[in-house]
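[1] Sequence and computational prediction follow.
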Amino acid sequence: MIVDSWIESLRPAGSKRSGKRDLIVNVFLRQQGHLTADDLVELIGREDQRISRATIYRTLQWMVDAGIARKVDFGEGRFRFEHSYRHPRHFHLICKTCNRSFEFLSSDIETLIEEVAAARGFAQRQSVLQIHGECDACRTGRPPLADGGVTELLFARDALRIAIATERSGLDFYSRAAKLTKDARGRRVFEKLAEEEKEHLGTLEKRYRELLEQDPELESRPTFLFFKGAANGLFAAGAEQLSKGVNDREALMIGIKCERGSHRFFKRYGERFEDSEGKKIFLEFADEERVHLELLIREYRSLLERQQRSGKIERRTPRRPRVNA
Ligand SMILES: [Zn+2]
Ligand SMILES: [Zn+2]
């Protein structure tokens, strides 16, 4: 099992496997929420009453030191613990009425924290963001949303939603660009990219459907990943520019700008995330966008050469786009 080999890799070299410790770790990793040490003592007691409280406490501390568990403090006068296996670092909303906690992630906030720390010459090790208050269910008496899902699935769901929206927006952009471009070769490039976007869109949607099969309530669970600006905004802006009327070179240039922005967006955020399916989705998408970027740049250069040879080049020499992201 993957979890086992992961834990094995964290075990100090030469240390022996302990049956008790393995049981405690396995029970802990099966839990989803934020457990107090007492919650864990109770859960372990159901499996094996011979394991002492002291052993459980020691093992919890070992898990924290080994990076298997994260200690969280919701201001209740005691710590809680959550596992970190394929569970990205995140922030919490804490309801003071029902004591439930809800997880979310926002790379906008993380970026800001990094900027503040850098500006103050501060080497940040850990940052905690908590929103305390009253949850929607407690406030309105409405039944709670299907929360408490597996964070990894929520993260993957939201990452896929963002990638799908970007892909759709890219497809729209290239379809329009293909219609507008007069240069035959440039038009074929846009058509090819539109085809590719369509194919990727199909792949991403299939992946999304497969994800939903793992949890029938996944679609209705609250948003986990918050972004102020997403990459699909770039393509939407690009499509808007196209509609104002552009020449072939300008169309390619707009495409380059969109793909570069999209590549950067997914790479930057993907690299920031901890190991997870959501991270994988972002980084794979960043790679695809880079391939598109390079294709457009090659086309732009060859269009420029063709135009120069035929003497159609305008006096104003456009800036040569850089491949570098
Ligand atoms: Zn509540
Ligand atoms: Zn949490």
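    Yes, it's here. Everything numeric here is computed off the predicted structure, so don't read it as measured data. Ligands and ions are numbered 1, 2, ... in the order given.

[2] Walking through the stretch 151-300 of the chain, point out its strands one by one.
    Remark: strands assigned in the stretch 151-300 of the chain by DSSP state E, counting those that start in this stretch are 225-226.

[3] Report the residue spans of it with pLDDT below the cut-off.
    229 (pLDDT under 70).

[4] near ligand 2, which residues of the stretch 1-150 of the chain?
    82, 103 (Cβ under 5 Å from the ion). The way it works is simple: take the backbone N, C-alpha and C, and place the C-beta from them, glycine included.

[5] Going along the chain, name the helices of the stretch 1-150 of the chain.
    For the stretch 1-150 of the chain, applying DSSP state H, counting those that start in this stretch gives helices covering 2-10, 19-30, 37-47, 53-66, 107-119, 136-140.

[6] In CSV: these, plus mean pLDDT, distance to G186 and mean neighbour count.
    Shown next, in CSV, are these (pLDDT from 0 to 100; distance: least, Cβ to Cβ, whole Å; neighbours: other Cβ atoms under 10 Å):
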stretch, mean pLDDT, distance to G186, mean neighbour count
helix 2-10, 62, 47, 12
helix 19-30, 88, 53, 17
helix 37-47, 93, 62, 15
helix 53-66, 92, 55, 17
helix 107-119, 89, 35, 13
helix 136-140, 91, 51, 14
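
[7] Mind checking these for the one nearest to I281?
    helix 107-119 (13.8 Å; Cβ to Cβ).

[8] Touching the closest one from outside, list them.
    Outside of helix 107-119, the residues within contact range by Cβ atoms under 8 Å, 6 or more residues apart in numbering are 91, 122-124, 127, 129, 225-229, 269, 272.

[9] switch the cut-off to 6 Å
    Taking contacts as Cβ atoms under 6 Å, 6 or more residues apart in numbering, the residues outside helix 107-119 that touch it are 124, 127, 228, 269.

[10] How far away from the center of its chain is that helix?
    17 Å (Cα atoms, centre = their mean, to the nearest Å).

[11] Also stretch 47-60?
    With Cα atoms, centre = their mean, you get 36 Å for stretch 47-60.

[12] Can you tell me what sits against it?
    So stretch 47-60 is contacted by 20-21, 24, 37, 40-41, 44 (Cβ under 6 Å, 6+ apart).

[13] overlap between those residues and the residues near ligand 1?
    Answer for the contacts of stretch 47-60 near ligand 1: none qualify (Cβ under 5 Å from the ion).

[14] Kindly indicate which of those lies nearest F79.
    Here the nearest of those to F79, counting by Cβ to Cβ, is A37; it sits at 7.3 Å.

[15] how close does the closest residue to ligand 1 within the stretch 201-325 of the chain sit to C135?
    Residue of the stretch 201-325 of the chain nearest ligand 1, by Cβ to the ion: P222 (13.2 Å). Using Cβ to Cβ, to the nearest Å, P222 is found at 10 Å from C135.

[16] report the longest helix in the chain, please.
    helix 277-309 (DSSP state H).

[17] Going by neighbour count, list what's buried in that helix.
    In terms of neighbour count (16 or more other Cβ atoms under 10 Å), helix 277-309 has its buried residues at 277-279, 281-282, 285-286, 288-290, 292-293, 295-297, 299-300, 303-304, 307.

[18] quick one: pLDDT of M1?
    Per-residue confidence (pLDDT) for M1: 44.

[19] Which residue ranges make up each domain of this protein?
    For the chain, automatic domain parsing gives the domain ranges 17-85, 151-309.

[20] contacting residues for T151?
    Applying Cβ under 6 Å, 6+ apart, we find T151 in contact with 87, 103.

[21] hang on, E259 packs against H292?
    Yes: because the distance of 4.7 Å satisfies Cβ atoms under 6 Å, E259 is recorded as touching H292.

[22] list residues touching both of the two?
    Common neighbours of E259 and H292 (Cβ under 6 Å, 6+ apart) do not exist.

[23] Just the buried ones from the contacts of helix 107-119?
    Buried subset of these (neighbour count, 16+ other Cβ under 10 Å): Y269.

[24] between the contacts of helix 107-119, which is nearest ligand 2?
    Nearest member of the contacts of helix 107-119 to ligand 2, counting by Cβ to the ion, is S127, at 13.8 Å.

[25] Need the pLDDT of the closest one.
    Value for S127, per-residue pLDDT: 84.

[26] Tell me who's in contact with it.
    So S127 contacts I113 (Cβ under 6 Å, 6+ apart).

[27] change it to 8 Å
    For S127, the contact set (Cβ under 8 Å, 6+ apart) comprises 110, 113.

[28] how close does it get to ligand 1?
    As judged by Cβ to the ion, to the nearest Å, S127 and ligand 1 stand 25 Å apart.

[29] Going forward, count from 24.
    With the count now opening at 24, the last piece we talked about shows up as S150.

[30] for that residue, phi and psi?
    phi -130, psi 140 (degrees, to the nearest 10).
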